[in-house]
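[1] Dropping the sequence and predicted coords here.
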Amino acid sequence: MYDIRLYDYEFNLIHIEHSIISVNAVVKYNDIGSFEAHFPVSAGITLKALENPYLVVVMGDLQALITGKQANGNEFILYGKTVNWILSRRVTHKFTTYKTSFSTNAEILARTLVEKAFDDVENFVLDDMCNIEYSQEFWRNTANQTSEVVKDCLDNAGAGHRVLFDRVNKRWVFGVFVGREIPLIISEANGNAYDSRFSEDIQDYYSSGWYEKISANSDEGEWVQIVKDGDKTGIYKWDGVLYGTSASEGNNSLNNKKWRKITKMQTRNLRFGIDYSLGDIVRVQTEFGEFRQSVKKRIGGVEMWFENNNFGEEPVFSDV
């Protein structure tokens, strides 16, 4: 039997709700996920949620901060984001790794930026290190939301992040983690997947791009090119205009202009958190007509749903 527990930001349990119509949630490896839950409007959670402005919902291992509420004649709906959304409520001002004490190690840098952003919150703490060895020159010339800076920093290292609402110790805990490569093959032929889907989109992809570099002692910029895929030449060379005024910002802008290949499939006899976790690298085999493919993919996210007392999940794969 599933229930939803409602907390305030001070870790006080406000309500436990069993009358649930449906829940849909998405958790992501290195990004902010989403949450949506529907209840009968007569359920006790309606009053408790409307009385309290700052709320956290917990359903098993799933945690989310409530960002929206909606009531109508029949239903009460809660909308939310995974707890790491709280990083988007802080600003990271411009910084450089080569002129300050900030480390060039991606994990240490991300932890330092978060620690600095929440230095006024006594119970916002850092989890144990996972000891990523990836280093980079990474900086920002302008202020950005902390969530975006952390995401870009860790994306370069192939790492993920999370914020845990630690009810036992009454703490907010930021942590960096890296998925494992596990000997799991997911395919319809293996009987552990069904309803395979594939989509490909190239309209946001650029093989290279230009950003306007602006130095501290000049108001005039110099346009600089960054090349991501040097083997793309001639008609296959696709140039774009990038955001940012530094090489670090330009590189992150170009890295976000991806050739998107998305594979989805519903799994059978596989459970998130038991057989696989966010960030894990698995082998995915797909077959569409005469096309067959077997590639390594990262678990970039997991979509989960609960309805009529039944629970389901579906991994979302991303490129390694």
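    Cool, got the structure.
[2] ok but Met129 is inside a strand, no?
    No: according to DSSP: H, G, I helix; E, B strand; the rest coil, Met129 belongs to no strand; its state is coil.
[3] check contacts around it.
    Contacts for Met129 (Cβ atoms under 8 Å, 6 or more residues apart in numbering) come out as Glu107, Ile108, Arg111, Val176. Bear in mind the C-beta positions are built from the backbone N, C-alpha and C, glycine included.
[4] Would you mind extracting the C-alpha trace of the lengthiest strand in the chain into PDB?
    Counting residues, the longest strand found in the chain (DSSP state E) is strand 291-307. Extracted in PDB, the C-alpha atoms of strand 291-307 (Å, rounded to 0.1, in the frame of the first residue of the first chain):
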ATOM      1  CA  PHE A 291      17.100  -2.100 -38.200                       C
ATOM      2  CA  ARG A 292      18.900  -3.600 -35.300                       C
ATOM      3  CA  GLN A 293      21.200  -1.800 -32.800                       C
ATOM      4  CA  SER A 294      23.100  -2.700 -29.600                       C
ATOM      5  CA  VAL A 295      24.700   0.300 -27.900                       C
ATOM      6  CA  LYS A 296      25.800   1.400 -24.500                       C
ATOM      7  CA  LYS A 297      23.400   3.900 -22.900                       C
ATOM      8  CA  ARG A 298      23.300   5.800 -19.600                       C
ATOM      9  CA  ILE A 299      20.200   5.800 -17.400                       C
ATOM     10  CA  GLY A 300      19.600   9.500 -17.800                       C
ATOM     11  CA  GLY A 301      16.200   9.500 -16.100                       C
ATOM     12  CA  VAL A 302      13.400   7.300 -14.900                       C
ATOM     13  CA  GLU A 303       9.700   8.000 -15.400                       C
ATOM     14  CA  MET A 304       7.400   6.500 -12.700                       C
ATOM     15  CA  TRP A 305       3.600   6.300 -12.300                       C
ATOM     16  CA  PHE A 306       1.100   5.100  -9.800                       C
ATOM     17  CA  GLU A 307      -2.500   4.500 -10.500                       C
END
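[5] So in that sheet, which strands flank that strand, and in what orientation?
    Applying DSSP bridges to the sheet, strand 291-307 is found paired with strand 22-28 (antiparallel), strand 281-288 (antiparallel), strand 310-318 (antiparallel).
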